[in-house]
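[1] Predicted structure and sequence below. I'll ask about it afterward.
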Amino acid sequence: MTINHQVRLAARPVGMPDAAVWNLTEEPVPDPGEGEVVVKVDYVSIDPAMRAWINEAASYIPPVKIGGVMRALTAGTVVASRNPGFAVGDAVCGMQGVQDYGVSNGADLTKIDLSLAPAETWLGCLGIAGLTAYFGLLEVGAPKPGETVVVSGAAGSVGSTVGQIARIKGCRAVGIAGGPEKCRYLTDELGFEGAVDYKGEGVAEGLARTCADGIDVFFDNVGGETLDHVLARINMGARIVICGAISQYNNTTPMQGPSNYITLLGRRGRMQGFIYFDYAEKFPAAIADLLGWRAEGRLKFKDHIVAAGVEAFPDTLVKLFTGANFGKLMLKLPG
(Lines give C-alpha, C1' and ligand atoms only; values in the text may rest on other atoms or scores of the structure.)
Protein backbone atom coordinates (compact mmCIF):
# COMPACT_ATOMS: atom_id res chain seq x y z
CA MET A 1 0.00 0.00 0.00
CA THR A 2 1.40 3.37 -1.04
CA ILE A 3 1.17 6.10 1.62
CA ASN A 4 0.39 9.74 0.87
CA HIS A 5 2.15 12.16 3.22
CA GLN A 6 0.41 15.54 3.58
CA VAL A 7 0.75 18.93 5.27
CA ARG A 8 -2.54 20.24 6.63
CA LEU A 9 -3.44 23.59 8.16
CA ALA A 10 -3.99 23.13 11.91
CA ALA A 11 -4.47 26.76 13.01
CA ARG A 12 -4.48 30.31 11.66
CA PRO A 13 -1.05 31.90 12.17
CA VAL A 14 -0.36 35.05 14.12
CA GLY A 15 2.81 36.57 12.73
CA MET A 16 5.37 34.18 11.26
CA PRO A 17 3.88 30.69 10.72
CA ASP A 18 5.43 28.25 13.20
CA ALA A 19 5.20 24.50 13.73
CA ALA A 20 1.87 24.82 15.58
CA VAL A 21 0.21 26.01 12.37
CA TRP A 22 0.71 22.65 10.64
CA ASN A 23 -0.21 18.99 11.00
CA LEU A 24 1.63 16.22 9.18
CA THR A 25 -0.77 13.45 8.19
CA GLU A 26 -0.69 10.30 6.11
CA GLU A 27 -3.29 8.17 4.39
CA PRO A 28 -3.39 5.57 1.61
CA VAL A 29 -3.22 6.88 -1.94
CA PRO A 30 -6.76 6.49 -3.32
CA ASP A 31 -7.68 4.99 -6.65
CA PRO A 32 -9.04 7.52 -9.16
CA GLY A 33 -12.79 7.74 -9.59
CA GLU A 34 -14.51 8.04 -12.94
CA GLY A 35 -13.03 11.04 -14.77
CA GLU A 36 -10.19 11.44 -12.25
CA VAL A 37 -6.42 11.10 -12.28
CA VAL A 38 -3.85 10.53 -9.55
CA VAL A 39 -0.75 12.71 -9.79
CA LYS A 40 2.57 11.93 -8.12
CA VAL A 41 3.83 15.34 -7.01
CA ASP A 42 7.47 15.89 -7.93
CA TYR A 43 7.87 19.62 -7.14
CA VAL A 44 5.97 21.92 -4.78
CA SER A 45 6.14 25.64 -5.47
CA ILE A 46 6.76 27.77 -2.37
CA ASP A 47 5.27 31.23 -2.90
CA PRO A 48 4.66 34.37 -0.80
CA ALA A 49 0.94 34.17 -1.63
CA MET A 50 0.75 31.12 0.63
CA ARG A 51 0.87 33.42 3.66
CA ALA A 52 -2.33 35.16 2.54
CA TRP A 53 -4.02 31.84 1.73
CA ILE A 54 -3.83 30.70 5.38
CA ASN A 55 -5.37 33.84 6.89
CA GLU A 56 -9.02 33.79 7.96
CA ALA A 57 -10.11 36.36 5.40
CA ALA A 58 -10.29 35.54 1.72
CA SER A 59 -7.98 37.42 -0.62
CA TYR A 60 -8.46 36.72 -4.32
CA ILE A 61 -9.31 33.09 -3.57
CA PRO A 62 -10.92 31.50 -0.47
CA PRO A 63 -8.61 30.73 2.47
CA VAL A 64 -7.33 27.22 3.08
CA LYS A 65 -9.72 25.53 5.50
CA ILE A 66 -8.57 24.36 8.91
CA GLY A 67 -7.76 20.68 8.45
CA GLY A 68 -7.34 21.10 4.69
CA VAL A 69 -4.25 20.10 2.73
CA MET A 70 -2.09 23.19 2.26
CA ARG A 71 -2.73 24.77 -1.14
CA ALA A 72 0.27 24.82 -3.48
CA LEU A 73 1.10 24.85 -7.15
CA THR A 74 2.84 21.65 -8.17
CA ALA A 75 4.50 19.83 -11.03
CA GLY A 76 4.16 16.07 -11.24
CA THR A 77 3.40 12.91 -13.18
CA VAL A 78 0.10 11.12 -13.80
CA VAL A 79 0.38 7.66 -12.23
CA ALA A 80 -3.24 6.50 -12.63
CA SER A 81 -6.01 7.77 -14.88
CA ARG A 82 -9.69 7.29 -15.55
CA ASN A 83 -9.84 10.55 -17.48
CA PRO A 84 -9.56 10.29 -21.29
CA GLY A 85 -7.71 13.60 -21.42
CA PHE A 86 -4.72 12.28 -19.46
CA ALA A 87 -2.55 9.19 -19.80
CA VAL A 88 -0.27 7.55 -17.28
CA GLY A 89 3.13 9.17 -17.64
CA ASP A 90 1.84 12.64 -18.63
CA ALA A 91 3.79 15.49 -17.03
CA VAL A 92 1.42 18.08 -15.57
CA CYS A 93 1.27 21.26 -13.52
CA GLY A 94 -1.66 21.99 -11.23
CA MET A 95 -2.80 22.84 -7.73
CA GLN A 96 -2.24 19.51 -6.00
CA GLY A 97 -1.13 20.94 -2.66
CA VAL A 98 1.60 19.98 -0.22
CA GLN A 99 1.35 16.21 -0.44
CA ASP A 100 2.98 13.30 -2.21
CA TYR A 101 -0.06 12.48 -4.36
CA GLY A 102 -3.06 14.49 -5.50
CA VAL A 103 -6.37 13.44 -7.04
CA SER A 104 -7.88 15.68 -9.72
CA ASN A 105 -10.73 15.69 -12.19
CA GLY A 106 -8.28 17.28 -14.62
CA ALA A 107 -9.82 20.76 -14.60
CA ASP A 108 -6.88 22.25 -12.72
CA LEU A 109 -4.19 20.35 -14.63
CA THR A 110 -2.11 21.54 -17.57
CA LYS A 111 0.09 19.20 -19.57
CA ILE A 112 3.71 20.36 -19.84
CA ASP A 113 6.29 19.49 -22.47
CA LEU A 114 9.48 18.25 -20.81
CA SER A 115 11.28 18.30 -24.14
CA LEU A 116 11.12 22.12 -24.04
CA ALA A 117 12.06 22.57 -20.38
CA PRO A 118 12.30 20.46 -17.20
CA ALA A 119 9.41 20.27 -14.76
CA GLU A 120 10.87 22.77 -12.30
CA THR A 121 11.16 25.37 -15.08
CA TRP A 122 7.46 24.98 -15.89
CA LEU A 123 6.76 25.69 -12.23
CA GLY A 124 9.03 28.76 -12.14
CA CYS A 125 10.25 30.59 -15.23
CA LEU A 126 7.35 29.32 -17.36
CA GLY A 127 4.89 29.18 -14.47
CA ILE A 128 3.69 31.46 -11.70
CA ALA A 129 6.92 33.46 -11.39
CA GLY A 130 7.57 34.06 -15.06
CA LEU A 131 3.94 34.76 -15.92
CA THR A 132 3.53 37.12 -12.95
CA ALA A 133 6.58 39.07 -14.04
CA TYR A 134 5.53 39.09 -17.70
CA PHE A 135 1.97 40.33 -17.26
CA GLY A 136 2.61 42.60 -14.31
CA LEU A 137 5.35 44.46 -16.13
CA LEU A 138 4.09 44.45 -19.71
CA GLU A 139 0.32 44.69 -19.21
CA VAL A 140 0.13 46.80 -16.03
CA GLY A 141 3.47 48.63 -16.02
CA ALA A 142 3.47 49.21 -19.79
CA PRO A 143 7.16 50.21 -19.95
CA LYS A 144 8.49 52.26 -22.85
CA PRO A 145 12.03 52.02 -24.24
CA GLY A 146 14.41 54.28 -22.34
CA GLU A 147 12.35 54.37 -19.15
CA THR A 148 13.68 53.43 -15.73
CA VAL A 149 12.05 50.36 -14.21
CA VAL A 150 12.66 49.65 -10.51
CA VAL A 151 11.72 46.34 -8.90
CA SER A 152 11.77 45.39 -5.22
CA GLY A 153 12.50 41.83 -4.14
CA ALA A 154 14.67 41.91 -7.24
CA ALA A 155 16.72 38.78 -6.55
CA GLY A 156 13.60 36.67 -6.16
CA SER A 157 12.05 34.63 -8.93
CA VAL A 158 9.54 37.29 -9.97
CA GLY A 159 11.74 40.34 -9.42
CA SER A 160 14.74 39.01 -11.31
CA THR A 161 12.51 38.15 -14.27
CA VAL A 162 10.89 41.60 -14.23
CA GLY A 163 14.26 43.32 -14.51
CA GLN A 164 15.41 41.10 -17.36
CA ILE A 165 12.19 41.61 -19.33
CA ALA A 166 12.53 45.36 -18.77
CA ARG A 167 15.99 45.23 -20.33
CA ILE A 168 14.73 43.12 -23.23
CA LYS A 169 12.15 45.86 -23.86
CA GLY A 170 14.83 48.55 -23.95
CA CYS A 171 14.42 49.91 -20.43
CA ARG A 172 16.91 50.63 -17.69
CA ALA A 173 16.50 48.15 -14.81
CA VAL A 174 17.28 48.87 -11.16
CA GLY A 175 16.73 46.24 -8.47
CA ILE A 176 16.30 46.47 -4.69
CA ALA A 177 17.61 43.39 -2.90
CA GLY A 178 19.17 42.34 0.40
CA GLY A 179 22.91 41.81 0.62
CA PRO A 180 25.92 42.29 -1.65
CA GLU A 181 25.76 38.77 -3.12
CA LYS A 182 22.24 39.29 -4.41
CA CYS A 183 23.04 42.77 -5.71
CA ARG A 184 26.12 41.50 -7.55
CA TYR A 185 23.97 38.79 -9.10
CA LEU A 186 21.60 41.44 -10.44
CA THR A 187 24.26 43.63 -12.01
CA ASP A 188 26.99 41.15 -12.93
CA GLU A 189 24.91 38.16 -14.09
CA LEU A 190 21.54 39.58 -15.09
CA GLY A 191 22.69 42.93 -16.47
CA PHE A 192 20.67 45.26 -14.25
CA GLU A 193 22.01 48.81 -14.61
CA GLY A 194 21.85 49.38 -10.88
CA ALA A 195 21.14 47.67 -7.56
CA VAL A 196 20.21 48.95 -4.11
CA ASP A 197 21.25 46.84 -1.12
CA TYR A 198 18.61 47.68 1.44
CA LYS A 199 20.67 45.92 4.12
CA GLY A 200 23.82 47.93 3.37
CA GLU A 201 22.42 51.38 2.58
CA GLY A 202 19.19 53.25 3.02
CA VAL A 203 16.68 52.64 0.24
CA ALA A 204 16.18 56.39 -0.21
CA GLU A 205 19.92 56.92 -0.58
CA GLY A 206 20.28 53.97 -2.91
CA LEU A 207 17.48 55.22 -5.16
CA ALA A 208 19.00 58.70 -5.25
CA ARG A 209 22.26 57.09 -6.39
CA THR A 210 20.77 54.80 -9.04
CA CYS A 211 17.70 56.75 -10.20
CA ALA A 212 18.87 60.36 -10.41
CA ASP A 213 16.39 61.00 -13.24
CA GLY A 214 13.45 59.48 -11.39
CA ILE A 215 11.41 56.30 -11.72
CA ASP A 216 8.91 55.55 -14.48
CA VAL A 217 7.74 52.06 -13.52
CA PHE A 218 7.93 50.42 -10.11
CA PHE A 219 7.15 46.72 -9.73
CA ASP A 220 6.53 46.20 -6.02
CA ASN A 221 6.92 42.86 -4.27
CA VAL A 222 7.74 44.28 -0.83
CA GLY A 223 5.47 47.18 0.20
CA GLY A 224 5.99 49.13 3.42
CA GLU A 225 8.74 51.74 3.62
CA THR A 226 10.25 50.62 0.30
CA LEU A 227 7.09 51.65 -1.54
CA ASP A 228 7.12 55.04 0.18
CA HIS A 229 10.74 55.71 -0.79
CA VAL A 230 9.97 54.89 -4.42
CA LEU A 231 6.87 57.11 -4.50
CA ALA A 232 9.05 60.03 -3.46
CA ARG A 233 11.03 59.68 -6.72
CA ILE A 234 8.42 58.87 -9.35
CA ASN A 235 8.30 60.73 -12.65
CA MET A 236 5.28 62.26 -14.35
CA GLY A 237 2.91 59.51 -15.48
CA ALA A 238 4.65 56.78 -13.46
CA ARG A 239 3.05 53.36 -13.13
CA ILE A 240 3.20 51.49 -9.82
CA VAL A 241 2.56 47.75 -10.18
CA ILE A 242 1.39 46.12 -6.95
CA CYS A 243 2.37 42.44 -7.04
CA GLY A 244 2.86 41.81 -3.32
CA ALA A 245 3.93 43.21 0.04
CA ILE A 246 6.10 40.53 1.61
CA SER A 247 7.40 42.94 4.28
CA GLN A 248 3.87 43.12 5.70
CA TYR A 249 2.55 39.57 5.54
CA ASN A 250 3.60 38.51 9.04
CA ASN A 251 2.69 41.74 10.82
CA THR A 252 0.87 41.44 14.12
CA THR A 253 -0.09 45.12 13.83
CA PRO A 254 -2.09 46.77 11.02
CA MET A 255 -0.50 46.66 7.58
CA GLN A 256 1.63 49.70 6.77
CA GLY A 257 0.19 51.49 3.76
CA PRO A 258 1.85 54.11 1.53
CA SER A 259 1.90 57.42 3.42
CA ASN A 260 3.55 59.00 0.36
CA TYR A 261 0.65 58.15 -1.95
CA ILE A 262 -0.18 61.82 -2.60
CA THR A 263 2.76 62.02 -4.99
CA LEU A 264 0.59 59.99 -7.38
CA LEU A 265 -1.64 63.06 -7.65
CA GLY A 266 1.00 65.62 -8.47
CA ARG A 267 2.86 63.29 -10.84
CA ARG A 268 -0.36 61.94 -12.40
CA GLY A 269 0.80 58.47 -11.50
CA ARG A 270 -1.16 55.22 -11.43
CA MET A 271 -1.04 52.39 -8.87
CA GLN A 272 -2.64 49.10 -9.82
CA GLY A 273 -2.74 45.57 -8.46
CA PHE A 274 -3.13 42.41 -10.51
CA ILE A 275 -3.14 38.61 -10.35
CA TYR A 276 -1.38 36.72 -13.11
CA PHE A 277 -4.29 34.41 -13.90
CA ASP A 278 -6.31 37.49 -14.91
CA TYR A 279 -4.48 37.03 -18.22
CA ALA A 280 -5.00 33.27 -18.65
CA GLU A 281 -6.12 33.63 -22.26
CA LYS A 282 -2.72 35.13 -23.08
CA PHE A 283 -0.65 32.40 -21.39
CA PRO A 284 0.38 30.60 -24.62
CA ALA A 285 1.82 33.78 -26.17
CA ALA A 286 3.59 34.69 -22.93
CA ILE A 287 5.11 31.21 -22.56
CA ALA A 288 6.30 31.37 -26.18
CA ASP A 289 8.07 34.67 -25.44
CA LEU A 290 9.61 33.36 -22.22
CA LEU A 291 10.80 30.18 -23.93
CA GLY A 292 12.30 32.20 -26.79
CA TRP A 293 14.17 34.60 -24.51
CA ARG A 294 15.41 31.67 -22.44
CA ALA A 295 16.68 29.86 -25.56
CA GLU A 296 18.45 33.03 -26.71
CA GLY A 297 20.20 33.40 -23.35
CA ARG A 298 18.46 36.71 -22.68
CA LEU A 299 16.44 35.39 -19.74
CA LYS A 300 18.20 33.61 -16.89
CA PHE A 301 16.37 32.04 -13.99
CA LYS A 302 17.71 30.86 -10.66
CA ASP A 303 16.04 28.00 -8.80
CA HIS A 304 16.38 27.37 -5.07
CA ILE A 305 15.40 23.73 -4.70
CA VAL A 306 15.11 21.99 -1.34
CA ALA A 307 15.23 18.23 -1.84
CA ALA A 308 13.16 16.83 1.02
CA GLY A 309 9.82 15.34 1.95
CA VAL A 310 6.70 17.35 2.67
CA GLU A 311 7.69 17.50 6.34
CA ALA A 312 10.25 20.15 5.32
CA PHE A 313 7.53 22.50 4.07
CA PRO A 314 7.07 24.59 7.27
CA ASP A 315 10.77 25.49 7.53
CA THR A 316 11.06 26.00 3.77
CA LEU A 317 8.14 28.43 3.71
CA VAL A 318 9.78 30.59 6.37
CA LYS A 319 12.81 31.08 4.09
CA LEU A 320 10.67 33.40 1.97
CA PHE A 321 10.15 35.80 4.85
CA THR A 322 13.67 35.78 6.27
CA GLY A 323 15.43 36.33 2.94
CA ALA A 324 17.11 32.93 3.16
CA ASN A 325 16.01 31.90 -0.32
CA PHE A 326 17.86 32.93 -3.47
CA GLY A 327 15.77 32.29 -6.57
CA LYS A 328 12.53 30.38 -7.14
CA LEU A 329 11.91 28.39 -3.99
CA MET A 330 10.43 24.90 -4.28
CA LEU A 331 10.46 21.49 -2.67
CA LYS A 332 11.64 18.51 -4.69
CA LEU A 333 9.87 15.49 -3.23
CA PRO A 334 11.38 12.00 -3.14
CA GLY A 335 10.41 9.22 -5.49
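    On my side now, so go ahead.
[2] tell me the contacts of residue 19?
    residue 314 (CB atoms under 8 Å, 6 or more residues apart in numbering). C-betas here are computed from N, CA, C, even on glycine.
[3] gap between it and residue 106?
    35 Å (CB to CB, to the nearest Å).
[4] How about residue 334, nearest residue that isn't a chain neighbour?
    residue 309 (6.0 Å; CB to CB, 6 or more residues apart in numbering).
[5] And that neighbour, what's its pLDDT?
    Listed pLDDT for residue 309 reads 97.
[6] Is it correct that it is in contact with residue 5?
    Yes - if you go by CB atoms under 8 Å, residue 309 and residue 5 touch, sitting 6.3 Å apart.
[7] Name the residues contacting each of the two.
    With CB under 8 Å, 6+ apart as the test, residue 309 and residue 5 both reach residue 100.
[8] what about the helices in the protein?
    Assigned by DSSP state H, the chain shows helices spanning 49-53, 119-123, 128-135, 157-168, 180-184, 203-210, 224-231, 263-266, 283-295, 313-322.
[9] Now for the chain, the helix or strand with the poorest mean pLDDT.
    When the helices and strands of the chain are compared on mean pLDDT, DSSP states H and E, helix 49-53 comes out lowest with a mean of 92.
[10] residue contacts, the residue nearest the centre of the chain?
    Taking CA atoms, centre = their mean as the criterion, residue 129 is the residue nearest the geometric centre of the chain, at 4.4 Å. Neighbouring residues of residue 129 by CB under 8 Å, 6+ apart: 157, 158, 161, 301, 328.
[11] quick one: the second one from residue 167, how far?
    Residue 158 sits 15 Å away from residue 167 when distances are taken as CB to CB.
[12] and these two? which has more neighbours close in?
    Between residue 158 and residue 167, counting by other CB atoms under 10 Å, residue 158 is the more crowded of the two (27 against 18).
[13] do you know how far that one is from residue 144?
    Distance of residue 158 to residue 144, computed by CB to CB: 21 Å.
[14] show me where pLDDT drops low in the protein?
    Within the chain, no range satisfies pLDDT under 70.
[15] What backbone torsions are found at residue 308?
    As for residue 308, its main-chain torsions (degrees, to the nearest 10) stand at phi -170, psi 170.
[16] can you tell me which residues contact residue 233?
    Counting by CB under 8 Å, 6+ apart, residue 233 has contacts 207, 208, 211, 214, 215.
[17] Measure how buried residue 333 is and give me the count.
    24.
[18] Wait, it touches residue 72, no?
    No - at 11.2 Å, residue 333 does not count as touching residue 72 under the criterion of CB under 8 Å.
[19] residues shared between the contacts of the two?
    Taking CB under 8 Å, 6+ apart as the criterion, residue 333 and residue 72 both touch residue 44.
[20] what about the closest residue to residue 324 other than its chain neighbours, distance to residue 192?
    Once flanking residues are discounted, residue 324 sits nearest to residue 318: 7.7 Å by CB to CB, 6+ apart. Note on residue 318: its distance to residue 192, by CB to CB, is 27 Å.
[21] neighbour-wise, which of these two wins?
    Each of residue 318 and residue 192 has its neighbours counted (other CB under 10 Å); residue 192 has more, 26 against 16.
[22] Make sure the more buried one is actually in contact with residue 165.
    No - between residue 192 and residue 165 there is no contact under CB under 8 Å: 11.9 Å.
[23] Run a quick neighbour tally on the closest residue to residue 46 other than its chain neighbours.
    Nearest in space to residue 46, with sequence neighbours left out and distances taken as CB to CB, 6+ apart, is residue 329 at 4.2 Å. Residue 329: 24 surrounding residues under other CB under 10 Å.
[24] pretty sure residue 164 contacts residue 190?
    Yes - contact criterion CB under 8 Å: residue 164 and residue 190 qualify, at 5.7 Å.
[25] Please enumerate the shared neighbours of those two.
    Taking CB under 8 Å, 6+ apart as the contact rule, residue 164 and residue 190 both touch residue 300.
[26] how many other residues sit next to residue 323?
    Residue 323 is flanked by 17 other residues according to other CB under 10 Å.
[27] Residue 298 too?
    Neighbours of residue 298 under the rule other CB under 10 Å: 13.
[28] contacting residues around it?
    Contacts of residue 298 (CB under 8 Å, 6+ apart): 164, 168.
[29] Can you pull the phi/psi pair for it?
    The phi/psi pair for residue 298 (degrees, to the nearest 10) is phi -90, psi -10.
[30] So it versus residue 34, what's the distance?
    46 Å.
[31] sorry, back to before: out of the contacts of residue 233, which end up buried?
    Buried subset of these (neighbour count, 16 or more other CB atoms under 10 Å): 207, 211, 215.
[32] Spatially nearest residue to the first one, not counting backbone neighbours?
    Think residue 207. Nearest non-adjacent residue to residue 207 (CB to CB, 6+ apart): residue 233, at 5.4 Å.
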